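> Provided below for reference: sequence and predicted model.
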Amino acid sequence: MAVDSLDTRILRLMIEQPRTSVREYARLLGVARGTLQARIDRLERAGVITGTGPRLSPSALGHPVLAFVHIEVTQGHLDEVGEALSAVPEIIEAFSITGGGDLLTRVVARDNGHLEDVIQQLIQLPGVVRTRTEMALRERVPYRLLPLVESVGRDASAAR
């Protein structure tokens, strides 16, 4: 979906000030509330805006250890293993991938021993052949989308 400069400004505000009301967004942007709401609704329908809930910190929830676990799966069992992963609360993301392994999971744990327990649980899943774990040491670039939103907005403006 192409976003224009107003969409980009709306998304920037929603990222930078997520607790602000639609009325206040409209005031800050200098547009009618109805216009703003129509834009937000369109961005939601297009799947650009996928949620508005709070971002939570696994570390603050007592799970400061972060690891990326690659999982190799027996051929034909990818869907089954993927479904089984959803039952493991310490897995906060999982992706099917190309390259070394079939799945890449983002796993959080209380400590290294807990991480080992989670990995042992993964190894026991039917269809899992092996795992490979990489520990995260320090976050270098936090999850962010604003630079991408601004880039897409600039590209859309330049195309006109």
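Received it, and whenever you're ready, just let me know what you need.
> What's the local residue count around residue 41?
The tally of other residues near residue 41 (other C-beta atoms under 10 Å) stands at 11. (Glycine included, C-beta is placed from N, CA and C.)
> pLDDT score assigned to it?
We note a pLDDT of 97 for residue 41 in this prediction.
> Verify the assumption that it is located in a strand.
No - secondary structure assignment (DSSP: H, G, I helix; E, B strand; the rest coil) places residue 41 in helix, not in a strand.
> Could you check how far it is from residue 151?
24 Å (C-beta to C-beta, to the nearest Å).
> so who does residue 114 touch?
Residues near residue 114 by C-beta atoms under 8 Å, 6 or more residues apart in numbering: 65, 90.
> Am I right that it sits in a helix?
Yes - if the criterion is three-state DSSP, then residue 114 is within a helix.
> How confident was the prediction at it?
Reported pLDDT for residue 114: 98.
> what about it, distance to residue 20?
As for residue 114, its distance to residue 20 is 38 Å (criterion: C-beta to C-beta).
> for residue 105, same thing?
Residue 105 is 34 Å from residue 20, by C-beta to C-beta.
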